[in-house]
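Asker: Got a predicted structure plus its sequence, pasted below:
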Amino acid sequence: MLSSAPIEPPGTLLGLLLIDISATFAVSVGVAGQIRTFSSFISTIMALAVGVLSIKYRHKTLLMYGLIAYAVAALSCTFAPTFPIMMMAFSLNGLASAMVVPIISTLIGDLFSVNERSSAIGSVNGLRAFTYLISAPIIGYIASGYGWRMAFLFFLCPISIMSLLVAAKEIPSVDYDVDEKGQYMEGFKTIFSNRSAVSCLLGSIFSQAAWLGILTYSASFFRQRFIIGVSWASLLLSSIAGCFMVSTYASGLLVNRFGRKRMTTVGVMLFSALSIVYMVMMNVWMALVIVLSITAFSAMRFTSSISLTLEQVPAYRGTMMSLNTAALGLGRVIGSAVGGFSLLYYGWESVGYSMGVLGFVAAILYVFRTIDPIREQIEP
């Protein structure tokens, strides 16, 4: 749980202070949003490499390198002098997440029984949401008093180092025999020959794109349309994080009862439908209710889809979860890029429309192309 603490704060900072970062480097908000696009692109590429590395190297070792990368990214962003360098520095977060996110899920598969995994995933994702919750007001406070650069230095860097030290001491190392795991490319071949596994990856791409488009631009949407300040925007992000935390933890407890596929499908369908109406709202309270509802259903989708993906190819969990991280990274690329393009050329309403369409594509994939292996084993 603690090793997941650095995952969300970089995105929280970017979403909350996107307007301020764009002003510093004299670029538009839509262009500044492409910082996340580039970071997600790096994450996607690196995740493919981790799929191979997870077979050869200890999972804990890969996790340690990822946590180190988060700390280096925080320091680099603090002192980035130009927008291109800022993009490069922030992209180290993408590299870090490509190592940390799949390896945490893989370690859960290694160290927990099948009935415990969903709860463990829900707990990890709940802690990720909790760091989002506390990071928004802390980042807002630091940025208001000392500027956005100091938020990287005084919050993101310490939390990365803390996570590294705790994970290094407390997480057990598990050795793997490469010969027993098979040739490196065998895992990729096995996964891509499995229709359900491939559909889970495609579902991750489109559902994550829909969610990230909403998440990346929500603070800026509220700040521009309803003229609220950074402090109020940070409270909005904290509310989103709190909602996500409760929903993802509860979903982890309910997955075994209702099924991984069913909860994934319901979650993505509901948050996609709400996305379509979200950014046409002209009343701040209605918009708030809708975005919190989107968050709750997206959290349900996130936890259950990870549980569903983890069980697709048990022999190659490390490779499967690395590919899923690549899929999530590609989804972030698509979501932030499509959201930025829609905002630049068509306005806020089109952002909600486009995210809703992406989400419905994911729902179709989950409904018609995936199976729940655990459910299939239980039900005749």
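Answerer: Great, that's in hand. Residues are numbered from 1 along each chain as shown.
Asker: Tell me which residues touch the residue most central in space within the chain, please.
Answerer: By C-alpha atoms, centre = their mean, the chain has its centre lying nearest to residue 328, at 6.8 Å. Going by C-beta atoms under 8 Å, 6 or more residues apart in numbering, residue 328 touches 43, 101, 204, 205, 208. Placement of C-beta: from N, CA and C, glycine included.
Asker: Then residue 288?
Answerer: 236, 239.
Asker: quick one: secondary structure of it?
Answerer: helix (DSSP: H, G, I helix; E, B strand; the rest coil).
Asker: Next secondary structure element downstream of the worst-scoring helix or strand of the chain on mean pLDDT?
Answerer: Taking mean pLDDT, DSSP states H and E as the measure, the helices and strands of the chain show their lowest mean at helix 178-181, namely a mean of 46. Note on helix 178-181: by DSSP states H and E, the next helix or strand toward the C-terminus is helix 184-192.
Asker: same question for that next one, mean pLDDT?
Answerer: The pLDDT scores in helix 184-192 average 81.
Asker: got the buried residues for the helix or strand harbouring residue 333?
Answerer: Take DSSP H and E as the rule and residue 333 turns out to sit in helix 317-346. For helix 317-346, burial by neighbour count (16 or more other C-beta atoms under 10 Å) applies to 317-343.
Asker: quick one: contacts of stretch 336-355?
Answerer: 28-31, 33-34, 36-37, 40, 209-214, 216-217, 221, 224-225, 272, 275-280, 335, 358.
Asker: could you turn it into CSV, dropping everything but the C-alphas?
Answerer: Taking C-alpha atoms only, stretch 336-355 is exported to CSV below (Å, rounded to 0.1, in the frame of the first residue of the first chain):
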residue,chain,number,x,y,z
SER,A,336,-5.3,13.7,-22.4
ALA,A,337,-4.7,14.2,-26.2
VAL,A,338,-8.4,13.9,-27.2
GLY,A,339,-9.4,16.0,-24.2
GLY,A,340,-6.9,18.7,-25.1
PHE,A,341,-7.8,18.7,-28.8
SER,A,342,-11.5,18.9,-27.9
LEU,A,343,-10.9,21.8,-25.5
LEU,A,344,-8.8,23.7,-28.0
TYR,A,345,-11.1,23.5,-30.9
TYR,A,346,-14.6,22.9,-29.6
GLY,A,347,-14.9,23.9,-25.9
TRP,A,348,-15.6,22.2,-22.6
GLU,A,349,-18.8,20.4,-23.8
SER,A,350,-17.0,18.4,-26.4
VAL,A,351,-14.5,17.1,-23.8
GLY,A,352,-17.4,15.4,-22.0
TYR,A,353,-18.9,14.1,-25.2
SER,A,354,-15.6,12.6,-26.4
MET,A,355,-14.8,10.9,-23.1
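Asker: for that stretch, what is the average pLDDT?
Answerer: 87.
Asker: same deal with stretch 269-285?
Answerer: Per-residue scores along stretch 269-285 average to 91.
Asker: Please look at residue 13 and residue 156 and confirm they touch.
Answerer: Yes: counting by C-beta atoms under 8 Å, residue 156 is a contact partner of residue 13 at 6.9 Å.
Asker: who has more neighbours, the two?
Answerer: Taking neighbours as other C-beta atoms under 10 Å, residue 13 and residue 156 compare with residue 13 leading, 29 against 25.
Asker: Next up, the contacts around the more buried one.
Answerer: 135, 139, 148, 151, 152, 155, 156.
Asker: Name the helix or strand for the nearest residue to the last one once chain neighbours are set aside, please.
Answerer: Take residue 156 and drop its neighbours on the chain: the residue closest to it by C-beta to C-beta, 6 or more residues apart in numbering is residue 74, 3.8 Å away. Under DSSP H and E, the secondary-structure element containing residue 74 is helix 59-78.
Asker: how about that helix: buried residues?
Answerer: 59-60, 62-78.
Asker: before we move on, what about stretch 12-25?
Answerer: 12-22, 24-25.
Asker: Could you find the lowest-pLDDT member of the residues you listed?
Answerer: residue 15 (76).
Asker: Report the contact partners of that one.
Answerer: 215, 216, 217, 218, 219, 220, 237.
Asker: hmm, try it at 10 Å
Answerer: Residues in contact with residue 15 (C-beta atoms under 10 Å, 6 or more residues apart in numbering) are 33, 36, 132, 136, 139, 212, 215-220, 233, 236-237, 240.
Asker: how close does residue 347 sit to residue 10?
Answerer: 27 Å (C-beta to C-beta, to the nearest Å).
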